[in-house]
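> Got a predicted structure here, sequence first:
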Amino acid sequence: MTITYLKRYWQLYALISLPLIYFLIFRYGPMYGVQIAFKDFNLFQGINGSEWIGFDAFREVFGMRDFYTTLRNTFMLNFLDLLVSFPAPILLAIMLYEVRFKWFKKISQTILYIPHFISWVIIGGIVYQLFGNQSGMVNGVLESMGFNSIPFLTEKNPWLVTYLFTGVWQSAGWGTILYLAALTGVNKELFEAAEIDGASRLKRIWHITLPSIKPTIVTLLILNLGHMVSIGFDRPYIIGNTAVREYSDVLSTFVYRVGLESGQYTLATVVGLFQAVVGLIFVLGSNYISKRATGEGIL
């Protein structure tokens, strides 16, 4: 019976085999290297030839002051990103959905999607051109109007605001895709019935639009909470500098500094394993809380 079923639908199994092979090679395969965290890794001796040291590297990492500073910054930046960046695509998707002119909606979507495809290296250059203290265009305009320049990139709090809103500009448009896809499945008759009953546009959004995309919001929120202890390397590294290192130094830059610049691969692997374990705990915990509170979850 099983062989007959496989022969009948072999095209589907052939299609699904490609992502399975990808995950096996590039996701599960590298897990073999996790044992570096428990060894005094020597590049020339390899993983198997390196001496086993148990949890000594973990004790060393957890005893480093820089680790706790970067951990605090990672949590802080991710939490603030969640507060600022997570609602942005939801609001954008609702506004785009409410637009009645299709040509305007298409143009707006294109303009909003473009920043996602721009490298953070290029975005970093744009940020420095706009917000630099000496040659930045924004400060040039402010000074020409008689105002004092703002240290967007050299003081902690202005840098933090610049960091957050740069992230919103880069990611919000792309994030609307999932929400717009969810909204396309909403029954139009619900809006028509609500309009006949005298519901205003805001009430239709609150009672129909938002409940319709609630499962998508919950799923993406849980996934975002799972990344609270992990953070991309490029954004804080490119926009950050020594003047704001107290905020811009995060776990990913710590791994780069310790693992690649100093050659301490064992310590870098320890931090990576720590991020993976804590991320898994966050995903499971947030999924459990979401199921208890709203009945929605991903597991």
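That came through fine.

> For residue 10, give me the pLDDT.
Residue 10 carries a pLDDT score of 83 in this model.

> ditto for residue 57
91.

> And the strand or helix carrying it, how far out from the chain middle?
Using DSSP states H and E, residue 57 maps to helix 56-62. On the basis of CA atoms, centre = their mean, to the nearest Å, helix 56-62 sits 27 Å off its chain's mean C-alpha point.

> What is that helix packed up against?
Helices and strands touching helix 56-62, by 3 or more CB pairs under 8 Å, 6 or more residues apart in numbering; DSSP states H and E, are helix 265-294. Quick note: C-beta positions are derived from backbone N, CA and C, even for glycine.

> For residue 240, which non-adjacent residue is spatially closest?
Counting by CB to CB, 6 or more residues apart in numbering, the nearest residue to residue 240 once its immediate chain neighbours are dropped is residue 248, at 2.8 Å.

> In this structure the one you found contacts residue 241, no?
Yes. Assessed by CB atoms under 8 Å, residue 248 is found in contact with residue 241 at 7.1 Å.

> which of these two has more neighbours?
residue 248 (24 against 13; other CB atoms under 10 Å).

> Contacts only, for that one.
73, 159, 163, 236, 237, 239, 240, 241 (CB atoms under 8 Å, 6 or more residues apart in numbering).

> doesn't residue 151 make contact with the last one?
Read it as residue 241. No. Under the criterion of CB under 8 Å, residue 241 makes no contact with residue 151, lying 11.4 Å away.

> From the chain's centroid, how far away is stretch 253-263?
Worked out by CA atoms, centre = their mean, stretch 253-263 lies 22 Å from the chain centre.

> Need the contact partners of the helix or strand of the chain with the lowest mean pLDDT.
The weakest-scoring helix or strand in the chain, judged by mean pLDDT, DSSP states H and E, is helix 2-8 (a mean of 77). The contact list for helix 2-8, computed with CB under 8 Å, 6+ apart, reads residue 13.

> which other residues reach the helix or strand that it is followed by?
Next helix or strand after helix 2-8 toward the C-terminus (DSSP H and E): helix 10-23. Here helix 10-23 makes contact (CB under 8 Å, 6+ apart) with residue 6.

> What's the first helix or strand after helix 10-23?
Assigned by DSSP H and E, the successor of helix 10-23 is strand 39-42.

> so how far is that next one from its chain's centroid?
31 Å.

> and that strand, which residues are buried?
Buried residues in strand 39-42, defined by neighbour count with 16 or more other CB atoms under 10 Å: 39, 41.

> repeat for stretch 97-107
Buried, per 16+ other CB under 10 Å, within stretch 97-107: 97, 105.

> And for stretch 213-220?
Buried-residue list, stretch 213-220, by 16+ other CB under 10 Å: 213, 216, 217, 218, 219, 220.
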